[in-house]
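A.B. asks: Give me the fold of what follows.
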Amino acid sequence: MPISSFQELKPRLRGTPPKCAVVAAAHDEHTLQAVFAARRVGLIRPILVGREEEIRALAQTQGEALTPDQIVDAESEEDCARQSVALIREGRGDMLIKGMLQTGTLMKAAVSREEGIRAGELLSHVAILDVPRYHKLLFITDGGMVVAPTLEQKRHILKNAVDFCRRLGYDRPKAAILCAVENVTDTMPETVDAAQLKRESSSGVFGPCVVEGPISLDLATDREAARIKRYSSPVAGDADILLAPSISAGNFLGKALYGLAGGQMAGVVLGARVPITVNSRGASAQEKYSSIVLCATAGGEGGLCPS
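C.D. replies: Got it, this is the predicted structure:
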């Protein structure tokens, strides 16, 4: 079933055991506010990797107690990333939460051939938007990882997003392969890719889902626009996934819906052994909390949690 808002996620987690969450560079106020909020309601049990003295001081100001096995001391960004990824490799986490470090530093550790946690062919980013004027969550991909995706990379990006939606409870996610026009034209190669992805989806390559493309943003998200333009598709005005033709397009779209349309945003990297939250270092505690809730809903189980 589609999810109408971030608030709707919480009831789906009732009665489920807490997920083990590894927090990279946890010495950050907003990150710890989100992590402790999730811990208080039983969503996660965290392992905090970072500067131990700063973590303990911040925890104390927030009225939270920590046991020795809940903290792994690490100074530099690189050390935080390396030790956090190592914990995931050891099976001690169901999700990886980015704290006060650069996304590139964490991703470099995650994709390392020798010591990383890559599981699929490609790591890709999904921005999840709760927009007041849209009737359900939007999953925008890829505005954060793959700069200029080839057709083969778009296959993996789409598969990652579809699989993520299905883990959240969607039966047949609806994916719009965004382009500026709805017609296939050789002068716009992204339209050729979109048509090919649609053809491949009919043979079940991406699992249970509905794929439409090429399709413009207004037709994918506005039923009235589709009616006026006489555009018929199950995806029209009802898209779950918006696959952008480039990292710039996906990034602009996500930030526009967040900054100008009053949306709430969460960010997740897919294709690793566990989902990875990748909010901006300047993101609010609420945004980071929403990302944790999404990962807790879609993440695996079985990590060796601290008590």
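
A.B. asks: Now the helix or strand bottoming out on mean pLDDT in the chain - C-alpha only, PDB.
C.D. replies: Across the helices and strands of the chain, mean confidence by mean pLDDT, DSSP states H and E is lowest for helix 9-12: a mean of 77. This file holds the C-alpha atoms of helix 9-12, laid out as PDB (Å, rounded to 0.1, in the frame of the first residue of the first chain):
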ATOM      1  CA  LEU A   9       5.300   5.000   8.800                       C
ATOM      2  CA  LYS A  10       5.300   4.800  12.600                       C
ATOM      3  CA  PRO A  11       2.300   2.500  13.100                       C
ATOM      4  CA  ARG A  12       3.800   0.000  10.700                       C
END
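
A.B. asks: tell me what it is packed against?
C.D. replies: Contact analysis of helix 9-12 by 3 or more CB pairs under 8 Å, 6 or more residues apart in numbering; DSSP states H and E lists helix 285-298 as its packing neighbours. For every residue, glycine as well, the C-beta is placed using N, CA and C.

A.B. asks: Check what contacts the helix it packs on and list those residues.
C.D. replies: The contact list for helix 285-298 (CB atoms under 8 Å, 6 or more residues apart in numbering) reads 6, 9-10, 12-13, 19, 21, 29-31, 33-35, 37-38, 43-44, 94-95, 97, 128, 130, 164, 167-169, 264-268, 274-279.

A.B. asks: May I see the buried residues of it?
C.D. replies: Residues 285, 287-298 are the ones in helix 285-298 that count as buried (16 or more other CB atoms under 10 Å).

A.B. asks: Tell me the gap between that helix and the middle of its chain.
C.D. replies: 9 Å (CA atoms, centre = their mean, to the nearest Å).

A.B. asks: for that helix, what is the average pLDDT?
C.D. replies: Throughout helix 285-298, pLDDT has a mean value of 90.

A.B. asks: Check stretch 233-246 too.
C.D. replies: Averaged across stretch 233-246, pLDDT comes to 98.

A.B. asks: Span of that stretch from start to end?
C.D. replies: With CA to CA, to the nearest Å as the measure, the ends of stretch 233-246 fall 24 Å from one another.

A.B. asks: same question, stretch 100-117
C.D. replies: 20 Å.

A.B. asks: How about residues contacting that stretch?
C.D. replies: Contacts of stretch 100-117 with the rest of the structure, by CB under 8 Å, 6+ apart, involve 24-28, 31, 50, 77-78, 80-82, 84-86, 88-89, 96, 98, 118, 123, 144-145, 269, 272-274, 276, 278, 281.

A.B. asks: Ok, stretch 121-130 next?
C.D. replies: Residues outside stretch 121-130 that contact it (CB under 8 Å, 6+ apart) are 5-6, 107, 110-111, 137-146, 153, 156-157, 160-161, 164, 250, 254, 257-258, 263-272, 278, 290-291, 294.

A.B. asks: List only those of those residues flagged as buried.
C.D. replies: Buried among the contacts of stretch 121-130 by 16+ other CB under 10 Å: 6, 107, 110-111, 137-146, 153, 156-157, 160-161, 164, 250, 254, 257-258, 263-272, 278, 290-291, 294.

A.B. asks: Among these, which are located in strands?
C.D. replies: 138-141, 264-270 (DSSP state E).

A.B. asks: which of the residues you listed sit farthest apart?
C.D. replies: Maximum pairwise distance in those, criterion CB to CB, is 19.6 Å, between Q264 and L270.
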